[in-house]
Each structure stands twice: as structure tokens, then as C-alpha cells.
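A.B. asks: here is the input, now give the coordinates:
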Amino acid sequence: MEKIRELIALLESGIEDYDEQLKMLQTERLKYIRLSMTGGFGTEEGDSKESWLLHLKQLEESLTLRRDSIRQAIRAAADDIQEEENA
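C.D. replies: Here you go, the predicted structure:
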């Protein structure tokens, strides 16, 4: 039962972090769309269209990594619980 509690705590924390980063990605996507519509991209590093696309890609990759880590933690916990039951 302790492993299940640990998994629940891990999932709650992981999901909260994931949701927070997802909101940030959505906000950044909206900013990108506004800049695209108004032609508001700059020419300096950090505010160019290419920089924004790289930024969005990095946020998306980070979310994918977080999601995959949560899935892996669930699988590992399930395997541990099953091993305990079989022992």
C-alpha cells in the first residue's frame, strides 16, 4: 500500500507541473499567433520568428518528456507492486 501512496504523490506533483507547463505553452503559442498576425517579430536574437519557433519547440519537447516520465513512473510502480504480490 505504501508504494501506491508514493505513486499517487508522484503523480499529483508530476501532473501539476505538467499542467503548469502546458498553460505556459498555450500562452506562448497565443503570443506567437499575435506576433504572426501583426508582423511583430523582431530581427534580434530572442525575438525573431525563428527564435520563437525554437522556443515553442523546446516547450513542446519538455512537455513530451514530462509526460513520458510520468508514464514510465506508472509502469515501474505497477511492476514493483506486481512483483510484491507475486512474492
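A.B. asks: from here on, contacts and neighbour counts on C-alpha atoms
C.D. replies: OK.
A.B. asks: buried ones in the host helix or strand of residue 25?
C.D. replies: Here residue 25, judged by DSSP states H and E, is contained in helix 2-38. For helix 2-38, burial by neighbour count (16 or more other Cα atoms under 10 Å) applies to 7, 11, 14, 18, 21-22, 25, 28-29, 32, 35.
A.B. asks: residue contacts, residue 77?
C.D. replies: Residue 77 sits next to 3-4, 7 when contact means Cα atoms under 8 Å, 6 or more residues apart in numbering.
A.B. asks: sorry, wrong one. I was asking about residue 29.
C.D. replies: By Cα under 8 Å, 6+ apart, the residues touching residue 29 are residue 56.
A.B. asks: show me how far the helix or strand containing residue 77 is from its chain's centre.
C.D. replies: Following DSSP H and E, one finds residue 77 within helix 49-86. Going by Cα atoms, centre = their mean, to the nearest Å, the spacing between the C-alpha centre of helix 49-86 and its chain's C-alpha centre is 7 Å.
A.B. asks: that one to helix 2-38, inter-axis angle?
C.D. replies: Using axes from the mean of the first three to the mean of the last three Cα atoms, to 10 degrees, the inter-axis angle of helix 49-86 relative to helix 2-38 is 170 degrees.
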